[in-house]
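S.K.: have a look at this prediction, sequence included:
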Amino acid sequence: MPIICEGVGYKYPGSTEYVLRDVNLEIGEGEAVAIMGDNGAGKTTLVKHFNGLLKPVEGTVYVDGVDTREVEVSLLARKVALVFQYPEKMFFSESVYKEVEFALKNFGFEERLIHKIVEKTLKTFWLWEYRDRSPYTLSGGEQRRLALASIVSWDPKYIVLDEPTAGQDAIQREILIHLIWRKVREGKTIVLVSHDVEFIAEFSPRVILMHRGRILYDGEGDELFRRRDLLEKAGLDQPILYKVASSLGIGDGEVTLARLIDYIVGLRPCSD
Ligand SMILES: Nc1ncnc2c1ncn2[C@@H]1O[C@H](COP(=O)(O)OP(=O)(O)OP(=O)(O)O)[C@@H](O)[C@H]1O
Ligand SMILES: [Mg+2]
């Protein structure tokens, strides 16, 4: 069952301006979708509707066929996990271990399983050695990993990551990419909110492009990354491979690193 937005409009309390306008979309089960757009486009506001943190002022959001206005936020939170753009705001436990343990207890996991899951999760995210530290003493990148670890531990059906690559070094980005693919293979639905065109281009999933609260484009990432007009409007740069391909005059074909290398090698004058 999908996440569906039908004619969704939203304005924050006390404000007259709509920051989401007539948003219509459907995110199917097992899909990997990126939501991209400029600062203030409404990306974070939109994804907060997916787990019921915000309720639409106009239109309706359905998660697995249920109107989010008619279901308890705690039930939705179990199903749709959101890692916030600023995860440090969501920590409330005194240790890294307890931070992961908390949600599992809260969702009623069996005591004897909890320790195993916490240990496995913290090891997977290279955080086991920090288990007794306060989450607030971790570096920014480690905090992001902890936020992700704590939701992966309870195995939600939908995973929404708001700017997951912010502050992550190259190794952590690779790990994140592997993790996301693994979750997609397991049949989870992944929503990535990101400005990071290079990161999203590696997946080339479906991209929903937002600008001023509206959807400007919803389709193949590969097609969007060729559309400089749309990217510019949404304050995004073209991914480097697409730039190189178009300056070589081969931007209309398939854009992959392997193809560019083949092409460039073919251009090299032969030396005998
Ligand atoms: N709590 C709030 N009260 C009033 N306005 C808000 C609130 N949070 C966000 N906004 C406004 O809503 C609009 C959309 O904000 P949102 O955070 O959804 O953008 P975003 O696309 O996630 O941007 P960014 O890329 O900077 O994270 C912005 O104009 C912002 O100023
Ligand atoms: Mg945001």
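M.R.: On my side now, so go ahead. Ligands and ions are numbered 1, 2, ... in the order given.

S.K.: quickly list what the residue in the stretch 151-272 of the chain positioned nearest to ligand 2 is bridged to.
M.R.: Shortest the stretch 151-272 of the chain-to-ligand 2 distance, computed as CB to the ion: residue-wise this is residue 162, at 5.9 Å. All C-beta spots, glycine's among them, are computed from the backbone N, C-alpha and C. With DSSP bridges as the criterion, residue 162 is bridged to residue 193.

S.K.: would you agree it is in contact with residue 196?
M.R.: No: contact criterion CB atoms under 8 Å: residue 162 and residue 196 do not qualify, at 11.9 Å.

S.K.: near ligand 2, which residues of the chain are found?
M.R.: By CB under 5 Å from the ion, the residues of the chain that approach ligand 2 are 44, 85.

S.K.: try it again at 6 Å.
M.R.: Counting by CB under 6 Å from the ion, the chain comes close to ligand 2 at 43, 44, 85, 162.

S.K.: which two in these are spaced the farthest apart?
M.R.: Spatially, the most separated pair among the residues of the chain next to ligand 2 is 43 and 85, at 8.9 Å (CB to CB).

S.K.: shared neighbours of those two, which are they?
M.R.: Residues touching both residue 43 and residue 85 (CB atoms under 8 Å, 6 or more residues apart in numbering): 162, 193.

S.K.: what is the burial count for the residue of the stretch 151-272 of the chain closest to ligand 2?
M.R.: The criterion is other CB atoms under 10 Å. On that basis, residue 162 has 21 neighbouring residues.

S.K.: contact partners for it?
M.R.: Residue 162 sits in contact with 43, 44, 47, 82, 83, 84, 85, 193, where contact means CB under 8 Å, 6+ apart.

S.K.: same check, this time on residue 227
M.R.: Contacts for residue 227 (CB under 8 Å, 6+ apart) come out as residue 217.

S.K.: circling back: look at residue 43 and residue 85 and report which has more neighbours.
M.R.: Counted by other CB under 10 Å, residue 43 and residue 85 do not tie: residue 43 has more neighbours, with 25 against 16.

S.K.: the more buried one and residue 195 touch, don't they?
M.R.: No: in this structure, residue 43 is not within contact of residue 195 by CB under 8 Å, at 9.0 Å.

S.K.: hey, what's in contact with both of these two?
M.R.: residue 36.

S.K.: confirm residue 23 sits in a strand?
M.R.: Yes: with DSSP: H, G, I helix; E, B strand; the rest coil as the criterion, residue 23 is located in a strand.
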